[in-house]
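In: sequence plus the predicted model coming up.
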Amino acid sequence: MSKNAIRILCAALALILVLCAAALAESETKTYTTYEQLDALKHTVYEETWIYPIVNGVPGSGKPGGDNVYEEPHAFVNGVCVKCGYAAETFTNAMGVVLAKGMPAADALKQVFAAMPANANMKIVGAAANEGDELVKLVNNAAKPDTFTTPLAAFTAETVDNVPCNIVTLNYADDEDNPITENYAFSTADTTLVKLY
């Protein structure tokens with residue numbers, strides 16, 4: 001075999017090795033997520049990552065790429081967590097808003113205020129007027145749930161269903177002849193909704 005033929009053969013083999021290495025270097029990563037109910041407030045999230053090598057454009061057998069486990073609050077829609085399926089006790093207010101027991105005050109009040117008719121003439125009772133205004137500001141500015149502890153502490157304290165709570169009372173009317181009073185009891189421990197009555 002001539003030197004030129006050997007050089008061409010070596011170059012061809014080198015090219016084949018480079019192409020094979022490039023093909024093997026391609027991979028696809030997938031993360032699989034499952035949820036497990038934990039309690040009335042949270043569920044556990046399990047994330048499992050797998051790496052699949054791409055061979056000739058087709059994913060091959062995968063290998064584990066890492067796990068991640070953490071807790072997160074339920075994502076309630078009509079009292080059911082859309083991720084883990086936890087069904088909470090629910091309350092429906094006079095406007096038809098469905099709230100789940102264990103919802104953060106920030107989320108519950110946001111839904112209630114959003115559904116309030118413009119002509120409802122809502123008044124917040126159970127604290128001084130400026131504390132009620134401060135609570136409305138927090139809700140309207142989408143404040144984080146942990147910022148509600150101090151403002152809610154200014155409201156009337158009662159024990160509801162054996163849970164120490166602060167009571168936010170809303171007075172409003174859906175028409176002039178139909179005044180409505182609703183009490184929203186939020187836990188003093190974590191500002192989650194305990195009861196609507």
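Out: Perfect, thanks for sending it. Just so you know, these numbers come straight off a predicted model, no measurement behind them.

In: what's the longest strand along the chain packed up against?
Out: Ranked by residue count, the top strand of the chain under DSSP state E comes out as strand 42-55. Here strand 42-55 touches helix 3-25, strand 27-37, strand 63-73, going by 3 or more Cβ pairs under 8 Å, 6 or more residues apart in numbering; DSSP states H and E. C-beta here means a position set from N, CA and C on the backbone, and glycine is covered the same way.

In: show me what contacts the nearest residue to Glu36 once chain neighbours are set aside?
Out: In this structure, Glu36 finds its nearest non-sequential neighbour in Thr44, 4.6 Å apart by Cβ to Cβ, 6 or more residues apart in numbering. Applying Cβ atoms under 8 Å, 6 or more residues apart in numbering, one finds that Thr44 lies in contact with Tyr35, Glu36, Leu38, Val69, Tyr70, Glu71.

In: count the residues that sit near the last one.
Out: Going back to what we said before, that points to Glu71. 12 (other Cβ atoms under 10 Å).

In: so what pLDDT did Ala173 get?
Out: The model reports Ala173 with a pLDDT of 83.

In: quick check: closest non-adjacent residue to it.
Out: Of all residues not flanking Ala173 in the chain, Pro179 sits nearest, at 4.9 Å (Cβ to Cβ, 6+ apart).

In: so how far is Leu135 from the one you found?
Out: 21 Å (Cβ to Cβ, to the nearest Å).

In: neighbour count for the two, which is higher?
Out: Leu135 (23 against 11).

In: looking at this, that one is in a helix?
Out: Yes: counting by DSSP: H, G, I helix; E, B strand; the rest coil, Leu135 is part of a helix.

In: so who does it touch?
Out: Leu109, Ile124, Ala127, Phe148, Pro151, Leu152, Val168.

In: now do the SS call for the fourth one.
Out: Here Phe148 is helix, with the state taken from three-state DSSP.

In: any idea how far Cys165 is from it?
Out: Taking Cβ to Cβ, one finds Phe148 at 13 Å from Cys165.
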